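Enquirer: Quick one, what's the 3D model for this:
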Amino acid sequence: MNVAHFIVPVLLLSVVYAKDEPKFLGTESNVTVVVGRDAILTCKVENLQSYKVAWLRVDTQTILTIGPHVITKNHRVGVSRGDQSWSLTLRDVRPADGGRYMCQINTEPMITQTHHLHVFVPPDIMDSDSSGEVIVREGDNVSLHCAASGTPPPTVLWRREDSAVFKVDKETVSKWSGVWLNMTSVTRDMNGAHLCIATNGVPPSVSKRILLHVLCKPTARLTQKMLGAYIGETVILQCRIEANPPPIVYWTHIDGNKLYNGTKYEMNINSQGYKHTAILRVKNMSRDDIGSYYCYAENSMGTARDDITVYTLATTSTTTTTTEVTTTPEQVTTTPVQAYAELEVKNHEETNHFSDEDSFVVVLSQHQMQNLDLSPSS
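Expert: Numbers count the residues shown, from 1 in each chain. Modelled structure (predicted):
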């Protein structure tokens, strides 16, 4: 036999044999799926012939499928075959399913292709490791903590629920990033709800409401220092109070005795956070009701008070007259008198601006001032 004739068929057989060997099409893949959804990993094989494709979990060396059969007892695992493709399905993916999966063909030697499954988990805030309600005295430092989990690791953003600014390390900000919110020398206006918001690009973002209670001693301020009213009217006094814990509020008149709700007085208070508005209504004003009223606010941090003076208003008028003088034909007419206000302030022990003989002060009209006899007494 011709040697050349023998070598050529052998070479041709070798080429055909190499061409018919199974091989993978495409490259290794990275598959990302959100927890709870289904994941599909696919490897494509050319010239599989009678060889079999198997899927394995790399980290545990667990055989999941061989050919069209599921080997593992995990009911969430499935396998399907398409045009030159073998797909591994993982239903209802869990965080523990993340990792490397190997597609293997039982050739000699064996050939493999590895695929990576990444399981994304929405953010979650761990209540047990995060701050709850926090109580701090005004002027002290405070640290709030927000522990969040998720894949990829979430970022934490802080802001006030009312969108107000706050101070961090002497810097005034409207928001702050980080798992810790460190505030120095807290003030009463920092009292309220703070939100920590965790996000990692996987919806939904989550937030936790952390209440900060800043304890502060009361301040009290009446909206006016003096108030005039006509006899028979109802007078409304408003006292602005800042205090936390919420204060005990009461009112007193000149004698220092507390006032109580009834036919004469009506008291109520409206609160929003550490700010409070105390209202006193004095009904059917009389001369006995003039004088100073005190608003008191007390809590465990201290006491505060402020006062307002109430006086009565009265209007009087003098009739214009005409006087005839017999010695001349002229008529002499008095100057018209305008209405005036009578300022009456009741004396009391703590404010004695007037002598014991003076019970009120009268503001005279222009006419009365002109006709007042100011000549020195003899």
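Enquirer: Would you confirm that Glu28 contacts Thr112?
Expert: No. Counting by C-beta atoms under 8 Å, Thr112 is not a contact partner of Glu28; they are 9.9 Å apart. Where C-beta positions appear, they are placed from N, C-alpha and C, glycine not excepted.
Enquirer: what's the following helix or strand after the helix or strand hosting Phe24?
Expert: Phe24 is located in strand 23-25, with elements delineated by DSSP states H and E. On the C-terminal side of strand 23-25, the nearest following helix or strand under DSSP H and E is strand 30-34.
Enquirer: which other residues reach the next helix or strand after that next one?
Expert: Sequence order places strand 39-46 as the next helix or strand after strand 30-34, per DSSP H and E. For strand 39-46, the surrounding residues in contact (C-beta atoms under 8 Å, 6 or more residues apart in numbering) are 22-26, 29, 31, 33, 53, 55, 84-90, 93, 97, 101, 103, 105, 113, 115, 117, 119.
Enquirer: Can you say which of those residues are buried?
Expert: 22, 24, 31, 33, 53, 55, 86-90, 93, 97, 101, 103, 105, 113, 115, 117, 119 (16 or more other C-beta atoms under 10 Å).
Enquirer: Cross these against strands and list the overlap.
Expert: Of the buried ones among the contacts of strand 39-46, the ones assigned to strands by DSSP state E are 24, 31, 33, 53, 55, 86-90, 101, 103, 105, 113, 115, 117, 119.
Enquirer: Strands of the stretch 151-300 of the chain, start to end?
Expert: Secondary structure of the stretch 151-300 of the chain by DSSP state E, counting those that start in this stretch: the strands cover 155-160, 166-168, 171-173, 175-177, 180-183, 192-199, 206-222, 226-230, 235-244, 248-252, 265-272, 275-282, 291-299.
Enquirer: Let me have those strands in JSON lines, extended by distance to Val136, mean neighbour count and mean pLDDT.
Expert: Shown next, in JSON lines, are the strands of the stretch 151-300 of the chain (distance: least, C-beta to C-beta, whole Å; neighbours: other C-beta atoms under 10 Å; pLDDT from 0 to 100):
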{"stretch": "strand 155-160", "distance to Val136": "16", "mean neighbour count": "20", "mean pLDDT": "97"}
{"stretch": "strand 166-168", "distance to Val136": "13", "mean neighbour count": "18", "mean pLDDT": "89"}
{"stretch": "strand 171-173", "distance to Val136": "19", "mean neighbour count": "11", "mean pLDDT": "90"}
{"stretch": "strand 175-177", "distance to Val136": "17", "mean neighbour count": "15", "mean pLDDT": "96"}
{"stretch": "strand 180-183", "distance to Val136": "9", "mean neighbour count": "18", "mean pLDDT": "95"}
{"stretch": "strand 192-199", "distance to Val136": "12", "mean neighbour count": "20", "mean pLDDT": "96"}
{"stretch": "strand 206-222", "distance to Val136": "6", "mean neighbour count": "18", "mean pLDDT": "97"}
{"stretch": "strand 226-230", "distance to Val136": "38", "mean neighbour count": "15", "mean pLDDT": "94"}
{"stretch": "strand 235-244", "distance to Val136": "11", "mean neighbour count": "20", "mean pLDDT": "97"}
{"stretch": "strand 248-252", "distance to Val136": "22", "mean neighbour count": "18", "mean pLDDT": "97"}
{"stretch": "strand 265-272", "distance to Val136": "20", "mean neighbour count": "13", "mean pLDDT": "96"}
{"stretch": "strand 275-282", "distance to Val136": "18", "mean neighbour count": "18", "mean pLDDT": "97"}
{"stretch": "strand 291-299", "distance to Val136": "16", "mean neighbour count": "21", "mean pLDDT": "97"}
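Enquirer: Save these as CSV, and put in distance to Ile66 too.
Expert: Shown next, in CSV, are the strands of the stretch 151-300 of the chain (distance: least, C-beta to C-beta, whole Å):
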stretch, distance to Ile66
strand 155-160, 44
strand 166-168, 59
strand 171-173, 60
strand 175-177, 50
strand 180-183, 52
strand 192-199, 42
strand 206-222, 42
strand 226-230, 94
strand 235-244, 70
strand 248-252, 79
strand 265-272, 69
strand 275-282, 72
strand 291-299, 75
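Enquirer: Which one of the ones you listed lies nearest to Ser128?
Expert: Nearest of the strands of the stretch 151-300 of the chain to Ser128, taken as C-beta to C-beta: strand 206-222 at 11.7 Å.
Enquirer: Who are the packing partners of that closest one?
Expert: Judged by 3 or more C-beta pairs under 8 Å, 6 or more residues apart in numbering; DSSP states H and E, strand 206-222 is in contact with strand 111-125, strand 134-137, strand 142-145, strand 192-199, strand 235-244, strand 291-299, strand 302-313.
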